[in-house]
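**Q** Give me a model of this one.
(2 chains)
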There are 2 protein chains.
Amino acid sequence: MALFSIGVDLGGTNFRAAAIGQDGTLLDKISGSTNSAGGREAIVDSLVNAVVALRDRRTGDQLAGTGIAVPGFIVIEEGRVLVSPNLPALDNFRARDAFQDRLKAPVILENDANAAALGEKWMGAGRDVNDLILLTLGTGIGGGIICDGKVVHGYLGMAAELGHITVDLNGTPCGCGNTGCLEKHASATAVATMARHLSLGDNLTSEDVYKLATRGNAGAKRVFECRGQALGIGLATYIQVFNFPLYLLSGGPLAAWDLFSPAMFREIERRSFNYRACQGIKPTRVEKALLGGDAGLFGAAYLPFQAMGSGA
Amino acid sequence: MALFSIGVDLGGTNFRAAAIGQDGTLLDKISGSTNSAGGREAIVDSLVNAVVALRDRRTGDQLAGTGIAVPGFIVIEEGRVLVSPNLPALDNFRARDAFQDRLKAPVILENDANAAALGEKWMGAGRDVNDLILLTLGTGIGGGIICDGKVVHGYLGMAAELGHITVDLNGTPCGCGNTGCLEKHASATAVATMARHLSLGDNLTSEDVYKLATRGNAGAKRVFECRGQALGIGLATYIQVFNFPLYLLSGGPLAAWDLFSPAMFREIERRSFNYRACQGIKPTRVEKALLGGDAGLFGAAYLPFQAMGSGA
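**A** Residues are numbered from 1 along each chain as shown, chains lettered A, B, ... in the order given. The predicted structure follows:
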């Protein structure tokens, strides 16, 4: 009888769920619509049906529990979704208890970016370390902090707002109320905005800007240098503060790694004496994450193992 | 038979040592010269003599161990001082083993700012929390991070370089290689430098600028607003990243709290949505530390208790 857990990665429109073994083997996978238009009940139904299906297909094996990665703020102790901008039906919802009542089995909630960081630690680029930071790049920038093998939550579950730190005192205004947030200078949205400022074309997406840059367009190349600089300032701060061995980046924008990473590393070297001091001893690693879109799924599945104290 | 430990706070010219009970009672105290001109051996002699004297005065009680707060980078696992700018005689010195050989009893080294943060957690302003950040203001800015009751060291002992993060992209050049470090915009040295920029007087110290400001000098008041703004940017970053319940400031510059803290809190509120979001639930505290110059002594003394797992 093998032990497995079920991880669920809940998105605004779709979800994915997987049965994963204690050694990290992906055993089975389901995906479907979140049915968010139907409200809380429909969302819960969708996930419960998927979890039950995965469980019933593994008769003879033992389920350690279910972990669910949710896009939003989670009050961990209460298993309550505080705010979920992409799934407002879940705002202020004690989702853990609702799932447990239906599944009659332990459920653990986690923020999706935190779960992705934990997934990378368990089965991805962070397998050989206990401390890492993951920056998730997309239309926004988020992330997760793993310290001593565990997610850092903060006292109200709001830790690791890694995209909303100031990298430019008087930079671009951000919806969060700040000016010069890392997100506003380094996300995919920021790339498109910078291209607009440079009049590189009408309605360009970040992918369009990427294509322009690979074809040698100087303005487009400069846009990615600006992203690299902003990322470097943010990462230098994290390296100075944490001195962790590993900083990972994930998300679609990594396709442009060769365009932005030289400026990023230049800025890190200049702004972080920790980074420079460690180079002669044991270099600090700043790398691409490995699990891609599966990181949250693995992290969610790891939660029940971690709670048992058996998955480390 | 009562259990006690000995804490030592080692400075560039003087040291202080204290016998402290398991409940945090200060039992006995010694201070003296570091004798750093005499090199490693003289420094070790000074401290060993003080520790032996404190121990011998408590016959009948049991010594849990000795903790030593050292100004510099410590490779914790090895008990090795990597670099100590204020005590270069200790550079690359396996000080823990040297002390243990002489004392025939357990010794634990810790960075002085980390020890101060731990001291505040044990017996100071952080007694009721498990997670806090301490910013130590002086001619420079340093600090310590306590996560889950323990010092965050980073993989090479360089964590919590809290004064050397970028708060102004193109700000004042810093000796660390960066431009716009928090330290360069908010330390006592920064206050004196800003006063010079404003031609407020010749060779003014930060205390002189403070006196000018309290007498209503507009330029001097503006200097403290600038410090408050820089501190606010840095603290907003820490609050976004950690979501810890408590951020403490310590050091002589706290005398000017009323002059710089309004600008500091204004900046924190504007730049940290975590800070604003928590205000309606359980406010994030940004406060003065309580133990003053004794924080490192208490933190050092706590280390042996913590190692025994009996002091929490």
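**Q** what are the phi and psi angles of the residue in the stretch 51-200 of chain A that chain B sits nearest to?
**A** Across the stretch 51-200 of chain A, the shortest distance to chain B (Cβ to the nearest Cβ) belongs to A:Gly154, at 2.3 Å. C-beta here means a position set from N, CA and C on the backbone, and glycine is covered the same way. Main-chain torsions, A:Gly154, degrees, to the nearest 10: phi 80, psi 170.
**Q** Hmm, it is touching B:Gln240, no?
**A** No: the pair A:Gly154 / B:Gln240 is not scored as a contact, 9.7 Å apart, by Cβ atoms under 8 Å.
**Q** So for those two, which residue has more residues nearby?
**A** Between A:Gly154 and B:Gln240, counted using other Cβ atoms under 10 Å in any protein chain shown, the more crowded position is B:Gln240 (27 against 23).
**Q** residues contacting that one?
**A** Applying Cβ atoms under 8 Å, 6 or more residues apart in numbering or on different chains to B:Gln240 gives the contacts A:Glu161, A:Leu162, A:His164, A:Ile165, B:Arg271, B:Ser272, B:Phe273, B:Asn274.
**Q** got it, and A:Phe265?
**A** Applying Cβ under 8 Å, 6+ apart, one finds that A:Phe265 lies in contact with A:Gly228, A:Gly232, A:Val286.
**Q** Among the residues you listed, which lie within helices?
**A** A:Gly228, A:Gly232 (DSSP state H).
**Q** Show me which residues of the stretch 1-150 of chain A sit near chain B.
**A** With Cβ under 8 Å from any Cβ of the partner chain as the criterion, the stretch 1-150 of chain A meets chain B at residues A:Phe73, A:Val129, A:Asp131, A:Ile145, A:Cys147, A:Asp148.
**Q** Restrict those residues to the buried ones and give me that as a PyMOL selection.
**A** Only the buried members of the residues of the stretch 1-150 of chain A next to chain B enter the following PyMOL selection, criterion being 16 or more other Cβ atoms under 10 Å in any protein chain shown:
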select buried, chain A and resi 73+129+131+145+147
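**Q** which pair in the residues of the stretch 1-150 of chain A next to chain B spans the largest distance?
**A** Farthest pair in these (Cβ to Cβ) is A:Phe73 and A:Val129. Separation: 26.4 Å.
**Q** Assign a three-state SS to A:Leu134, would you?
**A** Following DSSP: H, G, I helix; E, B strand; the rest coil, A:Leu134 is assigned to strand.
**Q** A:Ala117 is in contact with that one, correct?
**A** Yes: using Cβ under 8 Å, A:Leu134 is in contact with A:Ala117, at 3.8 Å.
**Q** what touches both of those two?
**A** Common contacts of A:Leu134 and A:Ala117 (Cβ under 8 Å, 6+ apart): A:Gly143, A:Gly144, A:Ile146, A:Leu248, A:Ala295.
**Q** Show me what A:Ala19 is bridged to.
**A** Beta-bridge pairing for A:Ala19 (DSSP bridges): A:Ile6, A:Asp28.
**Q** For it, give me its contacts.
**A** A:Ala19 sits next to A:Phe4, A:Ser5, A:Ile6, A:Leu26, A:Leu27, A:Asp28, A:Lys29, A:Leu54, A:Arg55, A:Arg57, A:Arg58, A:Ala301 when contact means Cβ under 8 Å, 6+ apart.
**Q** what about the residue of the stretch 201-312 of chain A found nearest chain B, neighbour count?
**A** With Cβ to the nearest Cβ, the shortest gap between the stretch 201-312 of chain A and chain B falls at A:Asn243, namely 2.3 Å. A:Asn243 has 25 neighbours, counted by other Cβ under 10 Å.
**Q** which residues does the closest residue to it other than its chain neighbours contact?
**A** Nearest residue to A:Asn243, sequence neighbours excluded (Cβ to Cβ, 6 or more residues apart in numbering or on different chains): B:Gly154, at 2.3 Å. Contacts for B:Gly154 (Cβ under 8 Å, 6+ apart) come out as A:Asp131, A:Phe242, A:Asn243, A:Phe244, A:Asn274, B:Ala160.
**Q** residues touching A:Gly60, list them.
**A** Taking Cβ under 8 Å, 6+ apart, one finds A:Met1 in contact with A:Gly60.
**Q** Reduced to three states, what does it come out as?
**A** coil.
**Q** Can you tell me how far it is from A:Pro106?
**A** Note on A:Gly60: its distance to A:Pro106, by Cβ to Cβ, to the nearest Å, is 20 Å.
**Q** List the backbone torsions phi and psi for A:Leu235.
**A** Main-chain torsions, A:Leu235, degrees, to the nearest 10: phi -60, psi -40.
**Q** ugh, typo on my part, it should be A:Thr193
**A** The phi/psi pair for A:Thr193 (degrees, to the nearest 10) reads phi -60, psi -40.
**Q** ok, which stretches of the stretch 101-250 of chain A are strands?
**A** Using DSSP state E, counting those that start in this stretch, the strands of the stretch 101-250 of chain A run over A:107-111, A:132-137, A:141-147, A:150-151, A:246-250.
**Q** highest average neighbour count across those strands?
**A** strand A:132-137 (a mean of 28; mean count of other Cβ atoms under 10 Å in any protein chain shown).
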